[in-house]
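>>> take a look and give me a structure for this.
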Amino acid sequence: MQGLELAREYYRLYGAPMLRERFPELLPVVAAGLCGAGSECFGYDDAVSRDHDLEPGFCILLPGEEVVDRRTAFLLERAYAALPGEFAGLKRGGLAPVGGARRGVLRTAEFFAEKTGTPDGRLCTEDWLHTPEQSLAEAVNGEIFYDGLGEVTAIRARLSYMPEDVRLKKLAGALLLMAQAGQYNYSRCLAHGETGAAQLAVMEFAKNAIHAAFLLNRRYMPYYKWSLRAMRALPRLAAEADTLEFLISTDNRAENAEEKAYAIEDVAARYIAALQEQQLTEAVCAELEKHAYSVQDHIRDAALRTRHILWAV
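Numbering: from 1, shown residues only. Model prediction:
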């Protein structure tokens, strides 16, 4: 049983009855679910994940103190801590202060402020540009099992994905870095005999290719250690994950270098095709750099469009 299913069942068997029986007055204003940091919130947990942080539990999200006061929140935290300490062969951790843990009783505003910098999911353009996408992903991942007030659901909907102009700005920057690192610098570094620098170029190419894949799929890229795994589940460009893994996992001896150079060009061609499919480029060439600037030209906000192409990277 994975963490999300574990949380859902634990809430159904113990959490929901506890709320109904002991805190019926809170049902119209609380939300419960599992979201935030941790592989289980993305559905990425496996047998290895059981060595830390995986436990039966869920989040109870509360509105501000003007609706639910500190004493009530404390009593609710105590009631949560008193739920069964073992479930499905896993033990729960100890009691943590209100709002001080990944699970248990949390304030809605504090949870979203930690992830996005704002308590209600209302981000300005600068916020969208510079808030880490892994944090935005943590704000909307997992599942909300119950939402009496509807506030948490509304905030998650507001944060579901970035505005189109922001997506295009980030995409243009990622494409430009792919071009510079992969199509230009990789071979030049090898020509200089700098195999380490060549591998850095490959890493830069792959990192930005992964990011661009998420942007082209209108999905937030999660924490880097899950990025290739998550990329393989994307509707578009999923197959390129294997090529990117080959690029970053092999050395730059002569027998590999030529194959890697061809692989870089093949990836570039597939990304250009994806850009054309979304009608994001008017460039007609195999150079990602020209396509990057064409993508930037599609940004409607003039102030954002005229900023440096790498502004959002």
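
>>> for the stretch 51-200 of the chain, which spans come out with low pLDDT?
Applying pLDDT under 70 to the stretch 51-200 of the chain flags residues 51-53, 94-101.

>>> for the residue nearest to Leu19 when sequence neighbours are not counted, grab the count of nearby residues.
Counting by CB to CB, 6 or more residues apart in numbering, Leu19 lies nearest to Leu27, which is 6.2 Å off, once chain neighbours are set aside. C-betas here are computed from N, CA, C, even on glycine. Leu27 is flanked by 13 other residues according to other CB atoms under 10 Å.

>>> ok, Glu114 next?
Neighbours of Glu114 using other CB under 10 Å come to 17.

>>> the one 10 residues further on now?
As a burial measure, the neighbour count of Cys124 was computed by other CB under 10 Å and equals 9.

>>> Val140 versus that one, what's the distance?
Separation of Cys124 from Val140 (CB to CB, to the nearest Å): 18 Å.

>>> what does Phe112 give?
Phe112 is 10 Å from Val140, by CB to CB.

>>> what's the overlap in contacts for the two?
Leu159 (CB atoms under 8 Å, 6 or more residues apart in numbering).

>>> looking at those two, which one has more neighbours?
Phe112 (25 against 20).

>>> so where does that one fall, helix or strand?
In this assignment (DSSP states H and E), Phe112 forms part of helix 108-116.

>>> contacts for that helix?
Residues contacting helix 108-116 (CB under 8 Å, 6+ apart): 31, 36, 59, 61-64, 99, 118-121, 123, 127, 131, 135-136, 138-139, 151-152, 155, 159.

>>> what's the ChimeraX line that selects buried ones from these?
Only the buried entries of the contacts of helix 108-116 go into this ChimeraX selection, using 16 or more other CB atoms under 10 Å:
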select :31,36,59,61,62,63,99,118,119,121,123,131,135,136,138,139,151,152,155,159
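
>>> the contacts of helix 108-116 in helices, which ones?
127, 135-136, 138-139, 151-152, 155 (DSSP state H).

>>> now these in JSON lines, with distance to Leu6?
Shown next, in JSON lines, are the ones in helices among the contacts of helix 108-116 (distance: CB to CB, whole Å):
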{"residue": "Asp127", "distance to Leu6": "33"}
{"residue": "Ser135", "distance to Leu6": "24"}
{"residue": "Leu136", "distance to Leu6": "25"}
{"residue": "Glu138", "distance to Leu6": "18"}
{"residue": "Ala139", "distance to Leu6": "21"}
{"residue": "Glu151", "distance to Leu6": "25"}
{"residue": "Val152", "distance to Leu6": "20"}
{"residue": "Ile155", "distance to Leu6": "25"}
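
>>> who touches the closest residue in space to Arg20 that isn't next to it in sequence in this structure?
Distance criterion CB to CB, 6+ apart; nearest residue to Arg20, sequence neighbours excluded, is Leu27 at 7.0 Å. Leu27 makes contact with 19-20, 148 under the criterion CB under 8 Å, 6+ apart.

>>> quick check: buried residues in the host helix or strand of His211?
In this structure, His211 sits in helix 195-216 according to DSSP H and E. When burial is assessed from 16+ other CB under 10 Å, helix 195-216 yields the following buried residues: 197-199, 201-202, 204-216.
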